[in-house]
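J.: Sequence and predicted model, in that order:
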Amino acid sequence: MNIKDLLGPLLLAVGLTVLFRSFWGWYQGPQTDVGFVAPLSKVEQEPLYLEVDFEDDQKKNEEVLTKVSTDHANYTFSNHGAALTDLQLTRSMDGQKQVFSVLGTPPALEREMRPFLVALDEKTPYYYTFKAKNEKEDRIEVVYEVKSDRATIEKTFTVYKDRHELGIGLTITPRGNESVRTRLIWPSPFLQAIQDEEVINALSVDVTGKFVKTAEKNLDPRAGFFNPSIFGTEDKYFINSLVSDTNGFAKRAYYKSIDRRLLSFLEAQEITKEATWNMSFYIGPKEWTTIRPVNAQLEKALDYGFFSPIAKGMLYLLNLLNKYLHNYGFAILLITLLLKLLLLPFTFSGQQKMKKMQEYQKKLAYIQQRFKNDPEGLNQAREELIRKHGLPGVGGCLPLFLQIPFFIGLYSALNNSIELYRAPFIFWIKDLSIPDPYFILPLLVAISAFLGSVSAQDQKAGFKQVFIAFAISAFLGAWTSYLAAGLVLFIFANAFLHFLQTKGQQALGL
């Protein structure tokens, strides 16, 4: 056995493993051109206004908290900054209520980080007066007002009872002949339970209609957008984003990075007389069923890709099965089994065609060797071979092409799904959204892939073929070792069922 025959597959497997691990570490979504890059000084464009200068604390008043509860969230508003100071999103899982605190502390306590703070270009007022809480059939409104030396600001929060939408109405009345520039500021989501693995992305749709997603670490600190229709941020499970700007408040939009989090800024035109704006924000989980009622365009943040309809269908089926099984792990196993059964006729047909192709290639190689010095005899023998066995096509590849959309669709759905967060499976798997702490599932993936590959080979397969199968299986085990356990469970089930299918067909002589 030539040592090169062993080193080649081994080095390939190691190289692919390193490449995939590196890719998953730095890739955070597509990078596209931004609307503008602000200059360092006021030359051709205005610089970004990233700092907030608050008024003197002599106007300080007592903090008044106002709580608003719906079926999907608990909001706490404060007259200090007229801001959202606490947000707990709720969802039901197997009849139990899950609560997610998505603002986080201590950063949320900083004045500048208070969600939906209104900042002026000079002397921003911080201490507002609580005016009213009005409850209507489909919404609840909380109203604040402040009168500063430069302007009177009235802010109205509108909480919608049936969806994850937060409306903000602003009326700014400059005093005298003052020229006032207004900014609205809010932070990215923050789930403290996973703060060490949090990755924040910037989201936007500019005037050209392009959806842009950029990782916080790759964001140009001077980059921004003109008149965005969608603008905000996301973490692994949640989105805080502008989804509607009815009166055109946002002249410009840009970000400020603070301690691995992002502050989103909407900046309005300068005004010298009273102006009113109404905006809406999606503040909620990355679930298409909750995003669509607010703004369907924001669904692009879910990264379902080209097979989005299949991914949504798989996710719907996953949730449906979980209602009966009360375990997302078993639901994943059952979906994988159903997919295998659905594609079994195509898989069997394809394998038969592959066998015929292999037989054809063996016989063709034989007659090519036999008539290598007789071109006329070779042509006659080839024609006779085609007449007896037909000309193999690409039908054997059809099952592979059929499986790819379902595999990618379910993979994408699981990779973006909050459903798996803190969802237990069995024994050592307490949370399907994080990697297997003991690497048992990745090991099972490697073993299943190796057995499946070896069992599908010809009995006369040599050591080289077995070693290649081992190297590829080792690569799969290494690659899945840091994926979410729910994803690895799906990959393992798919590999193991393939092995069982192969052994079953061999036992039946098919």
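T.: Thanks, I have it. Numbers count the residues shown, from 1 in each chain.
J.: Surely Asn415 and Leu487 touch.
T.: Yes: in this structure, Asn415 is within contact of Leu487 by CB atoms under 8 Å, at 6.3 Å. All C-beta spots, glycine's among them, are computed from the backbone N, C-alpha and C.
J.: out of these two, which sits in the more crowded spot?
T.: Leu487 (21 against 18; other CB atoms under 10 Å).
J.: Helix, strand, or coil at Leu298?
T.: helix (DSSP: H, G, I helix; E, B strand; the rest coil).
J.: thought it was touching Glu287?
T.: No: taking contacts as CB under 8 Å, Leu298 lies outside contact range of Glu287: 11.1 Å.
J.: who has more neighbours, the two?
T.: Leu298 (24 against 21).
J.: Tell me how far the more buried one lies from Ser78.
T.: Between Leu298 and Ser78 the computed distance is 27 Å (CB to CB, to the nearest Å).
J.: Check Phe211 too.
T.: In terms of CB to CB, Phe211 sits 33 Å off from Ser78.
J.: ok, now Ser229?
T.: 29 Å.
J.: What of Tyr255?
T.: Counting by CB to CB, the gap from Tyr255 to Ser78 is 24 Å.
J.: When the two are compared, which one has more neighbours?
T.: Taking other CB under 10 Å, Tyr255 and Ser78 do not tie; Tyr255 has more neighbours (26 against 18).
J.: Now the more buried one: closest residue in space that isn't a chain neighbour?
T.: Leu262 (5.0 Å; CB to CB, 6 or more residues apart in numbering).
J.: Which strand residues bridge Thr66?
T.: Phe77 (DSSP bridges).
J.: My guess is it contacts His80. True?
T.: No: under the criterion of CB under 8 Å, Thr66 makes no contact with His80, lying 11.5 Å away.
J.: I'd like the mean pLDDT over stretch 70-80, please.
T.: Regarding stretch 70-80, the rounded mean pLDDT is 94.
J.: for stretch 370-377, same thing?
T.: Per-residue pLDDT over stretch 370-377 has a mean of 77.
J.: contact partners of that stretch?
T.: Leu378, Ala381 (CB atoms under 8 Å, 6 or more residues apart in numbering).
J.: buried set for it?
T.: Neighbour counts over stretch 370-377 (16 or more other CB atoms under 10 Å) mark Phe371 as buried.
J.: just stretch 293-310 next, same as before
T.: For stretch 293-310, by 16+ other CB under 10 Å, it's Val294, Asn295, Leu298, Glu299, Lys300, Ala301, Leu302, Asp303, Tyr304, Phe307, Ser308, Ile310.
J.: Show the pLDDT at the closest residue to Phe407 other than its chain neighbours.
T.: Distances taken as CB to CB, 6+ apart put Asn494 closest to Phe407, at 7.3 Å, once the chain neighbours are dropped. Asn494 is assigned 86 on the pLDDT scale.
J.: wouldn't Asn494 be in contact with Thr336 here?
T.: Yes: between Asn494 and Thr336 there is a contact under CB under 8 Å: 5.5 Å.
J.: low-scoring stretches of the stretch 251-400 of the chain, by residue?
T.: 348-355, 358, 389-400 (pLDDT under 70).
J.: And the strands in it?
T.: Applying DSSP state E, counting those that start in this stretch to the stretch 251-400 of the chain gives strands spanning 252-258, 261-267, 275-285.
J.: tilt between the longest one and strand 261-267?
T.: Calculated by axes from the mean of the first three to the mean of the last three CA atoms, to 10 degrees, strand 275-285 forms an angle of 160 degrees with strand 261-267.
J.: Neighbouring strands - and their directions - for strand 275-285?
T.: strand 165-174 (antiparallel), strand 238-245 (antiparallel).
J.: And for the second one?
T.: Paired with strand 261-267 in the same sheet, following DSSP bridges, are strand 182-187 (antiparallel), strand 252-258 (antiparallel).
J.: got the CA coordinates for the longest one in CSV?
T.: The reference is to strand 252-258. In CSV, the C-alpha atoms belonging to strand 252-258 read as follows (Å, rounded to 0.1, in the frame of the first residue of the first chain):
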residue,chain,number,x,y,z
ARG,A,252,-30.4,58.9,7.6
ALA,A,253,-29.8,55.7,9.6
TYR,A,254,-26.5,54.4,11.1
TYR,A,255,-25.1,52.3,13.9
LYS,A,256,-22.8,52.7,16.9
SER,A,257,-21.0,49.7,18.4
ILE,A,258,-20.8,49.4,22.2
